[in-house]
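In: 3D model of this:
(2 chains)
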Amino acid sequence: MALPFYVPPQQMMQDKAEYAKAGIAKGRSTIAMEYRDGIVLVADNPSLSIYKIAEVYDRIAFAGAGKYSEFENLRKAGIRHADLKGYMYSREDVTAKSLANAYSQVLGTIFSQEVKPLEVEIMVVEVGAEEQPNQLFRISFDGSIYDDTGFSVIGGRAEAIQLAVKTRHRPGATIEEALAWSLDSLEQGGNQRIPLETLEVAILDSHRVGRRFRRLLKPEVERLLPARSPS
Amino acid sequence: MPFRWDDPGSSFSDFLAAYRQQFPAGPGSIPLPASQPSLTPAGSGHAAWLPLPRGTTVLALCYGDGAMVAGDRMATEGYQVADRRIEKVFRADDHSAIAIAGTAGPCIELARLFQVELEHYEKLEGAQLSMEGKANKLAQMVRANLPLAMQGLIVLPLFAGFDPKVGRGRIFKYDVAGGRYEEADYHATGSGGKDARTTMKKLYRPGLSRADALAVVLEALYDAAEEDVATAGPDLIRNIFPTVKVIDRAGLTDVDESQIRPLMTRLIEQRRRG
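Out: Below is the predicted model:
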C-alpha cells in the first residue's frame, strides 16, 4: 500500500480555512441587532421562500450564511435539539447558550476531521426573559464561537458591515431605527443598494408570550422604513 | 417524511421514537410502548385495577364561526376524587385543540407530545400542517399507544379546530386502535360522554352563535355531572368551573371564568325553578 503524502497539520488546516472562507465570502450577509423590545434580524435575500432566518424555539432564532444546504441541515438539527430538550425537561430549559455550544462542537469536529469543512457561518440569538440580557452567539466554520453584544454580523462582507454597524448602533433603539441602521450597514458594507423586495426581516419580540419569533412581511417593513418606501 | 436515509423527517414523535431506540437510557427516557413491560404479573391481565387518575368527560361542538372544546375538571381514582382541578383540554396550536379522556398520565403526555409535534413540523417545514394532516397524525399516535391501551391505559382524544381551507370548525373522534372518525356537529367522550351527547342532541342547531353554543356546551357538561358520578359540576365553593376553548378564524381563545360563572349560575337558577 502506498503511503499518503505527508501534509503538515498547519498546512491542512490553513487550506481548509481558506476553502471555507472563500465559500462563505460568496454569499450575502445577515445582521442581528438588539433594539428596545427585542432583537431584529435582517438578511439580504433575493428569494421569497428560501429563508436564511428561522425560528428555533420560544426565544431563540437562527440565521445562516454561506452554503444553503449546509446551514439548512444545521438549522433542522438545532430545532430537533431544542424541541427534544424542551419536551424532555421544560420549555424554559432550552437556551441559546447550550444550542450554540452544540453547534460549535459539531462544526469544530467536522472542520478537523472531515476532508471538506462546512462553508457556513451561523448565528444563534436569544431574547432575554424580563430583566435578563439578550444573547447573540456567532459560530464560525471551524467551530469558534463569539459572544457578541449589541449586534452581530455573518456572511460575505461581515467585517466591512460590522464596521458600518459600529458607527451607527446605539443601545435602546426603536425598531424603526434598528431596521434602518441594519439596511444602511448592509448597503454600505456590501457597496450596493438593496431593494426592499430582497430584504428578509424577522424579530424576536420580548413583549409577546410563548413563541416570540415573528417574520415581518413586506408591507410592515415598508411601514417601518418610511424613508425607503416607494410612495 | 424522511427523504434521505439519514434524515429523521419532520415528525417529532417519529424522531423521539428513533432517539429512544438509539439511547434507551437517555434523559427522561421511558420504554417504547411496544417494549413496555407488562403491568400485571401474568402478562395478559388488565391494568384497570391500578390506582391511576382517570379523566372523565370532554366534548367538542361546531358552531357558526368555528368549534368549541370543553371538559369538566374532575379526575377520579376508583371511587375517589384524584384531582378537582385537572385540565383536560389543551391548545394544540393556534387553530386546534385536543381534549382527552382516559388514564390521565398517558393522556396528558399525548397532548404534550402532539403540541410539540405540530410546532416541530411547522418550524422544520415553514408551513403548518393541514387540519386533515393533523387529524391523521394524531390517529397514528393513538394507534402507537395500542399495546398500553390493551393493558388498560386507555388514551382517547377528541380533536377539534378551525380548518381555514374549508372555512369552518371540524371535529375528529378516535378509537384506541387509531380509528379516526369525523363528526359533523358535536361529540363527547369519557365516562359522562353519553349524557353530554344526549343534551347536545336536544339543544344543538346548525350555525349556533358563540353565546348559544357556549350555553349548550355548559348545559351538556352540567347534565353529564348530574348523571355520571365521575364527572364534576361547577364547584361554587372552591370556584372551579369547566374549561372551554373556542377556535375560530382568528385563532384559539380560552373562555374566561368570568364568562362561565354567570351562565352556570343562571343554569342552576333555571333548574331550581324547574
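In: need the contact list for the closest residue to residue A:218 other than its chain neighbours.
Out: Nearest residue to residue A:218 in three dimensions, chain neighbours excluded: residue A:196, at 6.7 Å (C-beta to C-beta, 6 or more residues apart in numbering or on different chains). C-beta: built from backbone N, CA, C; applies to glycine. Residues in contact with residue A:196 (C-beta atoms under 8 Å, 6 or more residues apart in numbering or on different chains) are A:218, A:221, A:222, A:225, A:228, A:229.
In: Wait, the fourth one touches residue A:176, no?
Out: Yes: counting by C-beta atoms under 8 Å, residue A:225 touches residue A:176, with 7.3 Å between them.
In: wait, is residue B:166 part of a strand?
Out: No: the assignment for residue B:166 (DSSP: H, G, I helix; E, B strand; the rest coil) gives coil, which keeps it out of a strand.
In: State the distance from it to residue B:66.
Out: Residue B:166 sits 11 Å away from residue B:66, going by C-beta to C-beta, to the nearest Å.
In: can you give me the helices for the stretch 151-274 of chain B?
Out: Ranges of helices in the stretch 151-274 of chain B, per DSSP state H, counting those that start in this stretch, are B:193-203, B:210-227, B:257-273.
In: Among those helices, which comes closest to residue A:27?
Out: Residue A:27 lies closest to helix B:210-227 among the helices of the stretch 151-274 of chain B, at 50.4 Å (C-beta to C-beta).
In: Identify each buried residue in that closest one, please.
Out: B:213-225 (16 or more other C-beta atoms under 10 Å in any protein chain shown).
In: and the longest helix along chain A, what other elements does it pack with?
Out: In chain A, taking DSSP state H as the definition, the longest helix is helix A:68-88. If you count contacts as 3 or more C-beta pairs under 8 Å, 6 or more residues apart in numbering or on different chains; DSSP states H and E, helix A:68-88 packs onto strand A:60-66, helix A:96-113, strand A:120-126, helix B:12-22, helix B:104-125.
In: Pull up the pairing partners for the third one, direction included.
Out: Spelled out, that is strand A:120-126. The pairing partners recorded for strand A:120-126 under DSSP bridges are strand A:60-66 (antiparallel), strand A:135-139 (antiparallel).
In: Tell me which of these approaches residue B:58 most closely.
Out: strand A:60-66 (33.5 Å).
In: Get me the contact residues on chain A for chain B.
Out: For chain A, the residues in contact with chain B (C-beta under 8 Å from any C-beta of the partner chain) are A:49, A:51, A:54-56, A:76, A:79-80, A:83-84, A:86-89, A:211.
In: Check these for burial and list the buried ones.
Out: For those, buried by 16+ other C-beta under 10 Å: A:51, A:54, A:55, A:56, A:76, A:79, A:80, A:83, A:84, A:86, A:87, A:211.
In: rewinding a little: adding mean neighbour count, write the strands paired with strand A:120-126 out as a markdown table.
Out: A markdown table is the format used below for the strands paired with strand A:120-126 (neighbours: other C-beta atoms under 10 Å in any protein chain shown):
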| stretch | mean neighbour count |
| --- | --- |
| strand A:60-66 | 26 |
| strand A:135-139 | 23 |
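In: where does chain B have low pLDDT?
Out: Applying pLDDT under 70 to chain B picks out residues B:1-5, B:25-49.
In: Up against chain A, what does it have?
Out: B:8, B:12, B:15-16, B:19, B:27-28, B:112-113, B:116, B:119-120, B:123-124, B:126.
In: Strands of chain A, residue ranges please.
Out: For chain A, applying DSSP state E gives strands covering A:30-35, A:38-44, A:53-55, A:60-66, A:120-126, A:135-139, A:145-148, A:151-154, A:199-205, A:213-216.
In: what about the closest residue to residue B:126 other than its chain neighbours, distance to residue A:228?
Out: Leaving out its chain neighbours, the residue that sits closest to residue B:126 by C-beta to C-beta, 6+ apart is residue A:51, at 6.8 Å. Separation of residue A:51 from residue A:228 (C-beta to C-beta): 21 Å.
In: end-to-end on stretch B:121-132?
Out: Counting by C-alpha to C-alpha, to the nearest Å, you get 14 Å between the two ends of stretch B:121-132.
In: Okay, buried residues for that stretch please.
Out: B:121, B:122, B:123, B:124, B:128, B:129, B:131.
In: now stretch A:163-177
Out: In stretch A:163-177, counting by 16+ other C-beta under 10 Å, buried: A:164, A:165, A:168, A:169, A:173, A:175, A:177.
In: where in chain A is pLDDT low?
Out: In chain A (pLDDT under 70), the answer is A:1, A:229-231.
In: in it, what residue is nearest chain B?
Out: residue A:88 (3.9 Å; C-beta to the nearest C-beta).
In: got the contact list for the longest helix of chain A?
Out: Helix A:68-88 is contacted from outside by A:50, A:52, A:54, A:56-57, A:60, A:62, A:64-65, A:93-94, A:98-99, A:102-103, A:106-107, A:118-120, A:122, A:124, B:8, B:12, B:15-16, B:19, B:27-28, B:112-113, B:116, B:119-120, B:123-124, using C-beta under 8 Å, 6+ apart.
In: Next, count neighbours for residue A:143.
Out: Around residue A:143 there are 18 other residues, counting by other C-beta atoms under 10 Å in any protein chain shown.
In: show me what contacts it?
Out: A:103, A:104, A:105, A:106, A:107, A:108, A:109, A:110, A:111.
In: Excluding chain neighbours, what is closest to it?
Out: residue A:108 (2.5 Å).
In: Looks like the one you found contacts residue A:140 (just checking).
Out: No: using C-beta under 8 Å, residue A:108 is not in contact with residue A:140, being 9.5 Å away.
In: higher neighbour count, those two?
Out: Neighbours were counted for residue A:108 and for residue A:140 using other C-beta under 10 Å; residue A:140 has more, 22 against 17.
In: For the more buried one, which residues are in contact?
Out: Counted by C-beta under 8 Å, 6+ apart, residue A:140 has contacts A:107, A:121, A:146.
In: how about a cut-off of 7 Å?
Out: Residues in contact with residue A:140, defined by C-beta atoms under 7 Å, 6 or more residues apart in numbering or on different chains, are residue A:121.
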